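Asker: turn this into a structure:
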Amino acid sequence: MMRLKSLGWAVTTCAVLGCGSGQPSGPAPSEAQDVLGTGRAAASRGPKKIVEPPTAAPSACTALYSSPQALAALSQAVVDPGLRADGATRTLILSFNTEEALAPALQTLSGLLGLPLGDTLGRLTSLPMVVVKAPVTPFLLELLRAQLQPLGLLSIYEDRPLEYFLDESVAYIGADTARAAFQADGTGIGVGVIDSGIDGTHGDFPNLARNVKIVASPVSGLPLGGALYLDTPNSDLTSGHGTHCASTIAGSGARSGGKYQGVAPGATLIGVGAGDALSVLYSVQGFDFLLHPDVRETHNLRVISNSWGTSGRFAPFHPIAIASKRAYDLGVIVVFAAGNEGPDADTLNPYSASPCVISVAAGTAKDTMGALNPLVSQDLPGALADFSSRGVPGDALHHPDITLPGVNIVAARATTGLPAVVPPYLGLDGLHPEPFYSSISGTSMATPHLAGVIALMLEVNPSLTMDGVLAALTSTAKPMHVTQADGSSRQLEVWEAGAGYADAYAAVRVASETAGTRYTTETTALPGWTGTVGTSIILPVLDVTLLAAEHNHSLAVPAGASALRVGTDWGNPALDLDLYVYGPNGELVASSANGTSTGEAVSIPNPAAGTWRVQLKGFLNTRTQYTGTAAVDRLVPLP
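Answerer: Have a look, this model is predicted:
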């Protein structure tokens, strides 16, 4: 039996950003500012088809669904290759090219098969899908194809059961710098979370606008029009997985005095709880609820976070892939966890392989230290997590797009129901429990980090499409390296870690520079420098910091800067050098200590004017020369 797995319990200019075909769903930008090139005129054309003839310059998503193979599905619907036509009663999801086919399809099926509506026959409201519960035989499949193909039937898939696969992680990707520098916290951006649910009683979710539990499917025996979703204060009574993910996106951190704040604490959350009984049907019902105009338009839904998946190859006409395509067409950015089946190749979550979504790998951050002994590192900061699923070398689709923190992530712990048995976070020393938070690892944890970053990007530039967001993320990502068995180092490839480690500040900065935003950024380069870090001596003692060789450099930072950016480069990933930046009063303000890299970089929000000290320390290095760069950004409001 194939299962969908939780992916989380593994303890600039338009030219730069690209112009996709997905249409933002919030307040329509002016035609001059419309990154899409469609604007309000597109909405007047009615529901968009899933499969359409190719356009002049299609995005990767649009190109896939206008390819000859996609057009062929209009004449020969795709049938789930794992579907057994053995006479057993199964729930089937029939996907069509447009919503306009649903009414005649229901009429045909009701008359042809005698299926009662609301019992063994139903439909979704925002997605072009019909649900049928019936004995599956070869005759039934041929009948469905023959009768429904003229209506635009695209595929027939079986509903299958699925299984569910912060403080320093937010700073590590520069999200705190982005929030301060661009005065953005995700306000006005709706983020949907399809997961086990959200514990709205926790205290960290003041911006939880809707919190629903899926209580039935269209074929659960309810009368037509019966309630399928139940609004409830706490929809996460089974695992706590969704609460943790939602907290990483937009948690206030109130229960920790702001320490464990999410990436975009001002964003609006819309939770859809599927419980632990997640299935293909419940997943598309989650999309169906979020994409309904009453939800999508009311709450300006722009992002959907999905920390679940399965194994196998990407199938473009699978119901979840079609739901992702419809979200893309509506300007809603879908993010999927890459999976926790690494480190082998070809282990990627197939739902994340769609060119209509962004696939998220998991990396380590600063707080990846042993819980009982903070001097023992479990993973090097900035490394790709061993469990993070890899794609296929050279494959255009099967690869992660970007890497974000997913190891030992501290976020909200559901405190009622079964999730209360999840142990609380004990602190780095294992002696200071925090009852409202837990520490979990997985690409499930990396995915909501990205959802929050996208909310920040969309606040400063609401007209961005998924393609624009992805271009900004990949063009600013930091290369990642790995140390091999022979001691040599190499840069990770796209099939392993995507474009690299996300830099939230840089991505938001690129988004803000796109025409039509509230600000423009003026950058002033400070004088660069070179330095030499002497040979460090490593002995088996606890306090290795006393043995580090170092080089110091002074920077004069002017007043009025919104951000200070400092970077160093030495070119050899086999050498371990770490960057520390001290403020005018001598206090440590920022640091970067990636394990295997060719350089380090930090971004500091609203730096005080004065003389700053940049220090580079070496730990595992011969005498090493490096170059240093620094720049200050100043945010200038547009007239």
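Asker: with Asn594 as the reference, measure out to Asn300.
Answerer: Plainly put, Asn300 is 36 Å away from Asn594 if you go by C-beta to C-beta, to the nearest Å. Backbone N, C-alpha and C define where each C-beta goes, glycine included.
Asker: cool, Leu450 as well?
Answerer: 19 Å.
Asker: looking at these two, which one has more neighbours?
Answerer: Shown here are Leu450 and Asn594; by other C-beta atoms under 10 Å, Leu450 has more neighbours (32 against 26).
Asker: my read: that one touches Ala502, true?
Answerer: Yes - under the criterion of C-beta atoms under 8 Å, Leu450 makes contact with Ala502 at 6.8 Å.
Asker: now do the shared contacts for those two.
Answerer: Residues touching both Leu450 and Ala502 (C-beta atoms under 8 Å, 6 or more residues apart in numbering): Ile402, Leu404, Leu473.
Asker: list the ones among those residues that fall in strands.
Answerer: Ile402, Leu404 (DSSP state E).
Asker: most neighbours, which of the shared contacts of Leu450 and Ala502?
Answerer: Leu404 (33 neighbours).
Asker: contact partners for that residue?
Answerer: Applying C-beta under 8 Å, 6+ apart, the residues near Leu404 are Ile173, Val360, Ala361, Ala362, Gly363, Ala446, Thr447, His449, Leu450, Val453, Tyr501, Ala502.
Asker: how about 10 Å then?
Answerer: 169, 172-173, 175, 248, 263, 335, 360-363, 365, 443, 445-453, 473, 477, 498, 501-502, 504 (C-beta atoms under 10 Å, 6 or more residues apart in numbering).
Asker: need the phi and psi values for Gly528.
Answerer: The phi/psi pair for Gly528 (degrees, to the nearest 10) reads phi -80, psi 170.
Asker: which one is it nearest to, not counting chain neighbours?
Answerer: Nearest non-adjacent residue to Gly528, counting by C-beta to C-beta, 6 or more residues apart in numbering: Thr629, 5.1 Å away.
Asker: buried stuff in the helix or strand hosting the one you found?
Answerer: Using DSSP states H and E, Thr629 sits in strand 624-637. For strand 624-637, a neighbour-count test (16 or more other C-beta atoms under 10 Å) marks Thr624, Tyr626, Gly628, Thr629, Ala630, Ala631, Val632, Asp633, Arg634, Leu635 as buried.
Asker: repeat that for stretch 91-100.
Answerer: By 16+ other C-beta under 10 Å, the buried positions in stretch 91-100 come out as Thr91, Leu92, Ile93, Leu94, Ser95, Phe96, Asn97, Glu99.
Asker: which SS class is the first one?
Answerer: Here Thr91 takes the strand state, with states given by DSSP: H, G, I helix; E, B strand; the rest coil.
Asker: give the contact list for it.
Answerer: 120, 122, 131-134, 136, 157-160, 217-219, 279-281.
Asker: also the fourth one?
Answerer: Taking C-beta under 10 Å, 6+ apart as the definition of contact, the neighbours of Leu94 are 77, 101-102, 105, 109, 123, 128-132, 144, 148, 151, 153-157, 319.
Asker: give me the mean pLDDT for the strand or helix carrying it.
Answerer: Per DSSP H and E, Leu94 falls inside strand 89-96. For strand 89-96, mean pLDDT is 97.
Asker: what pairs with that strand, parallel or antiparallel?
Answerer: strand 129-135 (antiparallel), strand 153-158 (antiparallel) (DSSP bridges).
Asker: so which of the ones you listed is the most packed in?
Answerer: With neighbours taken as mean count of other C-beta atoms under 10 Å, these reach their highest mean count in strand 153-158, at a mean of 24.
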